[in-house]
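**Student:** Sequence first, then the predicted structure, then my questions.
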Amino acid sequence: MLRRLSCLWCGREIIDSEAGRRRRYCRQSCRQRAYENRNSLKGTGIPADSVVLSAQEAADLADRWFAARCAAEDVATAIGEGADTDELTMLSKTLLELTREAERLR
């Protein structure tokens, strides 16, 4: 059986087998960025489990969540207007894709 996990650095989905230790990162580069981030926080008073985003990363995250909210509003409007199953299916797929993308921190 496969386990579905998210990368602790970028949030991408990781599909891991049950054998062995759980993977925490999707790629070596994510593992390295997490290590660098942990070391840069030492001695700063910022908790080690904090996530520090640049202004651009925070703006990108806000944009992704805004797109997901707009898609949710589209679904609600379509339901209110009595949209057919095909349209609701398409809107739901779009909403699902956008929310998966919005889950990524970076």
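**Tutor:** On my side now, so go ahead.
**Student:** ok, and what's touching stretch 60-67?
**Tutor:** The contact list for stretch 60-67 (Cβ atoms under 8 Å, 6 or more residues apart in numbering) reads Leu53, Leu98, Glu101, Ala102, Arg104, Leu105. The C-beta positions use only the backbone N, C-alpha and C, and glycine is treated the same way.
**Student:** Can I get the buried part of those residues as one ChimeraX selection?
**Tutor:** Restricted to buried positions by 16 or more other Cβ atoms under 10 Å, the ChimeraX selection for the contacts of stretch 60-67 reads:
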select :98,102,104,105
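**Student:** Filter the contacts of stretch 60-67 down to just the ones in helices.
**Tutor:** Leu98, Glu101, Ala102 (DSSP state H).
**Student:** circling back to that earlier point, taking the contacts of stretch 60-67, tell me the two that lie furthest apart.
**Tutor:** Leu53 and Leu98 (19.3 Å; Cβ to Cβ).
**Student:** sorry, back to before: let me have the contacts of stretch 60-67 in CSV, extended by distance to Ser92 and pLDDT.
**Tutor:** CSV is the format used below for those (distance: Cβ to Cβ, whole Å; pLDDT from 0 to 100):
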residue, distance to Ser92, pLDDT
Leu53, 29, 83
Leu98, 11, 94
Glu101, 15, 88
Ala102, 15, 87
Arg104, 20, 76
Leu105, 24, 72
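**Student:** Redo the contacts of stretch 60-67 as JSON lines? Include distance to Ile15.
**Tutor:** Output for the contacts of stretch 60-67, formatted as JSON lines (distance: Cβ to Cβ, whole Å):
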{"residue": "Leu53", "distance to Ile15": "26"}
{"residue": "Leu98", "distance to Ile15": "21"}
{"residue": "Glu101", "distance to Ile15": "18"}
{"residue": "Ala102", "distance to Ile15": "20"}
{"residue": "Arg104", "distance to Ile15": "16"}
{"residue": "Leu105", "distance to Ile15": "19"}
